[in-house]
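# Sharing a sequence plus its predicted fold:
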Amino acid sequence: MFTDVIENHVARGAINALQNGDVEAWRSYFAEHAELFDDGRPRNLKAFTSEALGHERFRSIDKIENGGLSLEGKFHSDTWGDFRTYFRFTLNEHGKITRLEIGQAD
């Protein structure tokens with residue numbers, strides 16, 4: 001799968017969980033009080049997880065930065081269609097995601 005190019009194992013695991021619609025695996029990568037920002041606005045991570053997993057996924061990952069913590073690529077949403085998006089992960093000292101920023105890429 002094309003996620004093999006993501007160097008950071010936490011980001012790769014989270015993206016694999018997203019790709020596979022695996023809610024349990026997805027949640028395992030996040031710290032207890034992790035924050036989600038969608039186009040710069042706070043969003044409920046639990047609601048996003050319920051709505052997105054199994055219905056949204058990357059079609060390709062075209063740009064990787066920050067050791068794999070910043071990704072950009074073609075994205076598909078069953079609700080919103082196809083568009084370019086970014087995911088930016090922030091990890092704590094235990095390797096858990098504390099902040100995820102997502103949004104449409106230019």
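Yep, that arrived. Note that the structure is a prediction, hence the values are computed from the model and not measured.
# does the residue sitting furthest away from the middle of the chain count as helix, strand or coil?
Seen from the C-alpha centroid of the chain, the residue lying at the greatest distance (CA atoms, centre = their mean) is Glu93, 19.0 Å away. Following DSSP: H, G, I helix; E, B strand; the rest coil, the label given to Glu93 is coil.
# likewise Gly54?
In terms of secondary structure, Gly54 is coil; the call rests on three-state DSSP.
# Can you name the residues that contact the residue lying closest to it once chain neighbours are set aside?
Using CB to CB, 6 or more residues apart in numbering and skipping residues adjacent in sequence, the residue nearest Gly54 is Gly21, 3.3 Å away. (Glycine included, C-beta is placed from N, CA and C.) Gly21 sits next to 53-55, 57 when contact means CB atoms under 8 Å, 6 or more residues apart in numbering.
# In the residues you listed, which residue is surrounded by the most others?
When neighbours are taken as other CB atoms under 10 Å, the top entry among the contacts of Gly21 is Leu53 (20 neighbours).
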